[in-house]
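# A structural model of the following input is requested.
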Amino acid sequence: MALLEEQNLTREPDLVPVRHGRMIASALTFYRGAAKIMASDLKDIPRSGLSVQLCGDAHLSNFGVFASPERRMLFDLNDFDETLPGPFEYDVLRMGASFTIAARNNLFSPGQAHLITTAALRSYREAMLRFATMGILEIWYARLEEQDVLKAIQLAVGSSKGSGRKKAAKQAGLMAEKTVLKARSRDSLQALSKLAELVDGKYRIVSQPPIVIPARDAHASFGMSAGELRRAVHEQLRSYRDTLQDDRRQLLERFEFVDAARKVVGVGSVGTRSFIVLLQGRDSGDPLFLQVKEATRSVLEDHLPASQYRQPGERIVQGQRSMQAASDPFLGWTKGVQANRFMYWRQLRDMKGAAAVEAMRPLGMEFYAQLCGWTLARAHARTGDPVAMAAYLGRGTKFDEAAAAFCERYADQNDRDYQAFAEAVRSGRLSAVEGV
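Coordinates of the predicted model:
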């Protein structure tokens, strides 16, 4: 509780209860918001001495699909707020434990939870063995595209024995196809229809407090007039453009500012400053939505050497670029308006989609675990020494079983932490607003 309260000191006071309300929904949502807690726990585990660029928060819901700049759908890691160089085990154990907790949350049997967790860990180890045989550029260009995922599902259906497993494999395939189709529809035009309204011939962002608060309501929420906030956004835009490559800066300069708002996102991020900015290109039917998120110190910096980047926004952007197979062309960073506040910028929606974890069945989650394991191994192989990691992990199952045993113990610890959290809410020590 002390670690969560420490984080809350620098967060928006009116959103702290919303964060708690989202975390209390289940042991899984608590785990998603508890990266700082697990970072504190991991500091004492034995380390191999093999370092990579860490995602820092590699739980199963921080993987998903999105469009590359070439408009190809990729499956990859998609959240890097805590990224930092460090022991590769940190990411692997955070990922593995998330599958154990998710399986329990979905009321799978202990045997099914163990099978799913070991599938993620085995996939990571076996992928690293393959990456150890590949050239540097071959690893750099490795990626999971939409057709690769769908082909793997078809192979799983074909190789499944028994009508029950075949049916489950087909259902997993249908869920994956649905996720991709939904992601394809999520772009700036779709965001415009959801988040904006046409008033006197001009679009403006719709007020939906406390989740979305437009700039015109800024005084009540931020102590700034709407004009002051708009000037601050313009200054931030100019500073942000300077962090982009020349061609992308020139592309952004063809858009003009329309509106901005505070918008709450995620679970662990709730309470940090997060905004959306609506830009317009050729006309009102040519929108671009950007998301501006506060960048703070990585939770790993409490226990690992500090980032080489003085600006936390740059830490996030550079970490993301090094780990992802392809990154958002609009990634950039700025120093915030207030002292000691830093931001990073990206597109709000660019065909992004996430798996519906709570709706997964055992076979579907097992397949998803294999995708995540391969993807994390590829990100680590890009930034670490895959030969050394492959030698450490070995060809047998000792690592898989040892790490799975840790994940099961950590899931037990997460349950105890979650119960302590729920009691803190019930007692009034922590305030929570649910359903927001």
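
# quick one: the strands in the stretch 101-250 of the chain?
Per DSSP state E, counting those that start in this stretch, the stretch 101-250 of the chain carries strands over the ranges 144-145, 196-199, 202-205, 212-214.

# in a markdown table, list these along with mean neighbour count and mean pLDDT.
For glycine as for every other residue, the C-beta is placed from the backbone atoms N, C-alpha and C. Shown next, in a markdown table, are the strands of the stretch 101-250 of the chain (neighbours: other CB atoms under 10 Å; pLDDT from 0 to 100):
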| stretch | mean neighbour count | mean pLDDT |
| --- | --- | --- |
| strand 144-145 | 17 | 91 |
| strand 196-199 | 13 | 91 |
| strand 202-205 | 18 | 92 |
| strand 212-214 | 21 | 89 |
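
# make TSV from the ones you listed and add distance to Thr10 to it.
Below are the strands of the stretch 101-250 of the chain laid out as TSV (distance: least, CB to CB, whole Å):
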stretch	distance to Thr10
strand 144-145	36
strand 196-199	30
strand 202-205	25
strand 212-214	19
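
# least confident secondary structure element in this structure?
helix 218-222 (a mean of 61; mean pLDDT, DSSP states H and E).

# what about the nearest residue to Asp148 once chain neighbours are set aside, neighbour count?
Excluding its sequence neighbours, the residue lying closest to Asp148 (CB to CB, 6 or more residues apart in numbering) is Phe75, at 8.0 Å. Other residues near Phe75 number 26, with proximity taken as other CB atoms under 10 Å.

# show me the contacts for Phe75.
63-65, 144-146, 148-149, 371, 375 (CB atoms under 8 Å, 6 or more residues apart in numbering).

# could you identify the least confident member of the residues you listed?
The member of these with the lowest pLDDT is Val149, at 81.

# just give the nearest non-adjacent residue to it, would you?
Nearest residue to Val149 in three dimensions, chain neighbours excluded: Phe75, at 5.7 Å (CB to CB, 6+ apart).

# what helix or strand is that neighbour on?
Phe75 is part of strand 73-77, with elements assigned from DSSP states H and E.

# go on, Met389?
Assigned by DSSP H and E, Met389 belongs to helix 386-393.

# next: Asn414.
helix 398-427.

# centre of the chain to that helix, how far?
Centre-to-centre, helix 398-427 and its host chain are 21 Å apart (CA atoms, centre = their mean, to the nearest Å).

# please find the angle between the direction vectors of that helix and helix 386-393.
Interaxial angle, helix 398-427 versus helix 386-393 (axes from the mean of the first three to the mean of the last three CA atoms, to 10 degrees): 80 degrees.

# what's helix 398-427 packed up against?
In this structure, helix 398-427 packs against helix 16-23, helix 27-32, helix 35-42, helix 88-105, helix 110-131, with contacts taken as 3 or more CB pairs under 8 Å, 6 or more residues apart in numbering; DSSP states H and E.

# could you dump the ones you listed to JSON lines with mean pLDDT and mean neighbour count?
As requested, the helices and strands packed on helix 398-427 are exported to JSON lines (pLDDT from 0 to 100; neighbours: other CB atoms under 10 Å):
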{"stretch": "helix 16-23", "mean pLDDT": "94", "mean neighbour count": "23"}
{"stretch": "helix 27-32", "mean pLDDT": "97", "mean neighbour count": "24"}
{"stretch": "helix 35-42", "mean pLDDT": "97", "mean neighbour count": "20"}
{"stretch": "helix 88-105", "mean pLDDT": "98", "mean neighbour count": "26"}
{"stretch": "helix 110-131", "mean pLDDT": "98", "mean neighbour count": "22"}
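
# low pLDDT regions in the stretch 151-300 of the chain?
By pLDDT under 70, the weakly predicted segments of the stretch 151-300 of the chain are 156-166, 168-169, 172-173, 218-224.

# what are the ranges of the helices in it?
163-185, 188-195, 218-222, 226-241, 246-252 (DSSP state H, counting those that start in this stretch).

# how near is the nearest residue to Lys263 once chain neighbours are set aside to Leu331?
Distances taken as CB to CB, 6+ apart place Ile276 nearest to Lys263, at 4.6 Å, with adjacent residues excluded. As judged by CB to CB, to the nearest Å, Ile276 and Leu331 stand 16 Å apart.

# centre of the chain to stretch 272-279, how far?
Using CA atoms, centre = their mean, the offset of stretch 272-279 from its chain centre is 17 Å.

# whoops, stretch 235-250 was the one
Chain-centre distance of stretch 235-250: 24 Å, with CA atoms, centre = their mean.

# what of stretch 127-135?
The answer for stretch 127-135 is 25 Å, by CA atoms, centre = their mean.

# just read off the phi/psi values of Cys33.
Just to correct that, residue 33 is Gly rather than Cys. The main-chain torsion angles of Gly33 are listed as degrees, to the nearest 10 and equal phi -90, psi 0.

# ok, it - how many residues close by?
Using other CB under 10 Å, Gly33 has 23 neighbouring residues.

# distance of it relative to Glu6?
14 Å.

# over to Gly336?
Look at Gly336 and Glu6: by CB to CB, they are 20 Å apart.

# what's the answer for Val65, then?
Relative to Glu6, Val65 is positioned 34 Å away (CB to CB).

# so for the two, which residue has more residues nearby?
Between Val65 and Glu6, counted using other CB under 10 Å, Val65 has the larger neighbour count: 25 against 11.
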